[in-house]
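*Asks:* Got a predicted structure here, sequence first:
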Amino acid sequence: MECKLAPSILAADVSCLGDQLWQIDEAGAEYVHIDVMDGVFVPNLSFGIPVVKGLRKCSDRFFDVHLMIVNPIEYIRDFAQAGANGITVHAEACGEKLYDTIIQILGYGVKPAVAIRPDTPIDPVLPVLDKLSMVLVMTVYPGYGGQKIIKDTFAKIRKLRGIIEEKELPVDIEVDGGITPENIAEVKEAGANIFVAGTQVFDGDIGKNVLGLRSKLKQEA
């Protein structure tokens, strides 16, 4: 599958988000990763619906909205109408409502994805795999940027990629947490093809950082 970069604006400068979106667009980043945190499901607060709606005016890139919130099914319509192209919900937050949540995402014409924490097995994802566009394997514990990657998650990525290929499903595997130029090739080898990066993009020269990560992916193709 084609590899894509998804810069996480959690690490961006909120005083000039529009300009920084323009910079990652110009450098060729395919996705914009937008972390939504409620301070309940994870111990942090971040962007909400108004930010997604406002940023939609600044970029036509794929808005990869990652809901780290409780009861995400209650907010699908609002995020879809705000401009999300893909909505990721956590298996842990949905529980028995996971299937219904995915169907609701599909009903709004948005691509559904399911995320799992580093210590969550892939089992909750398997019954709904044929309904998904993507599975997000968290390679750090969700809530804060700048964490070191947890390499124990690579085994889950490999197992999931094997199942996806066996079933011949067009499902991407995204990874989020601790991605650097030094480890991105190893994560790709494990089976991931969409890579979230925050501090590695927004710390320093944004355009140069995006180009460097994308070049690394192409070199290792």
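*Replies:* Everything's here; your move.

*Asks:* Can you list the low-confidence ranges for the protein?
*Replies:* The chain contains residues with pLDDT under 70 at 144-146, 220-221.

*Asks:* ranges for the strands of it?
*Replies:* Remark: strands assigned in the chain by DSSP state E are 4-7, 31-37, 62-68, 86-90, 111-116, 134-138, 172-176, 194-197.

*Asks:* Which strands and helices lie in contact with the fourth one?
*Replies:* Put plainly, it is strand 86-90. Packing contacts for strand 86-90, counted by 3 or more C-beta pairs under 8 Å, 6 or more residues apart in numbering; DSSP states H and E, involve strand 62-68, helix 76-82, helix 98-107, strand 111-116, strand 134-138. Placement of C-beta: from N, CA and C, glycine included.

*Asks:* mind exporting it as CSV, just the C-alpha atoms?
*Replies:* What follows is strand 86-90, C-alpha atoms only, in CSV (Å, rounded to 0.1, in the frame of the first residue of the first chain):
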residue,chain,number,x,y,z
GLY,A,86,-11.9,10.3,8.2
ILE,A,87,-13.0,9.7,11.8
THR,A,88,-11.1,7.4,14.1
VAL,A,89,-12.8,6.1,17.3
HIS,A,90,-11.2,4.1,20.1
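
*Asks:* List the strands paired with it, with their directions.
*Replies:* Strand pairing for strand 86-90, using DSSP bridges, gives strand 62-68 (parallel), strand 111-116 (parallel).

*Asks:* which one of the ones you listed has the most crowded surroundings?
*Replies:* Compared across these, strand 62-68 shows the largest average neighbour count, a mean of 25 (mean count of other C-beta atoms under 10 Å).

*Asks:* so K156 touches I122, yeah?
*Replies:* Yes - here K156 reaches I122: they are 5.6 Å apart, a contact under C-beta atoms under 8 Å.

*Asks:* out of the strands paired with strand 86-90, nearest to A197?
*Replies:* Distance to A197, taken as C-beta to C-beta, is lowest for strand 62-68 among the strands paired with strand 86-90, at 12.2 Å.

*Asks:* so how far is G48 from the most far-flung residue of the chain relative to its centre?
*Replies:* Most distant from the centre of the chain: E166, at 23.5 Å, with distances by C-alpha atoms, centre = their mean. With distances taken as C-beta to C-beta, to the nearest Å, E166 is found 39 Å from G48.

*Asks:* Quick one: closest of the strands of the chain to I206.
*Replies:* Ranking the strands of the chain by proximity to I206 (C-beta to C-beta) places strand 4-7 first, at 8.1 Å.

*Asks:* Tally up the residues packed near L211, please.
*Replies:* By other C-beta atoms under 10 Å, 16 other residues sit near L211.

*Asks:* Make residue 1 into 137 and carry on from there
*Replies:* That works, and once the first residue is 137, the last one we named lands at L347.

*Asks:* what about the closest residue to it other than its chain neighbours, distance to L141?
*Replies:* The spatially closest residue to L347, leaving aside those adjacent along the chain, is A163, at 5.3 Å (C-beta to C-beta, 6 or more residues apart in numbering). The spacing between A163 and L141, counted by C-beta to C-beta, is 9 Å.
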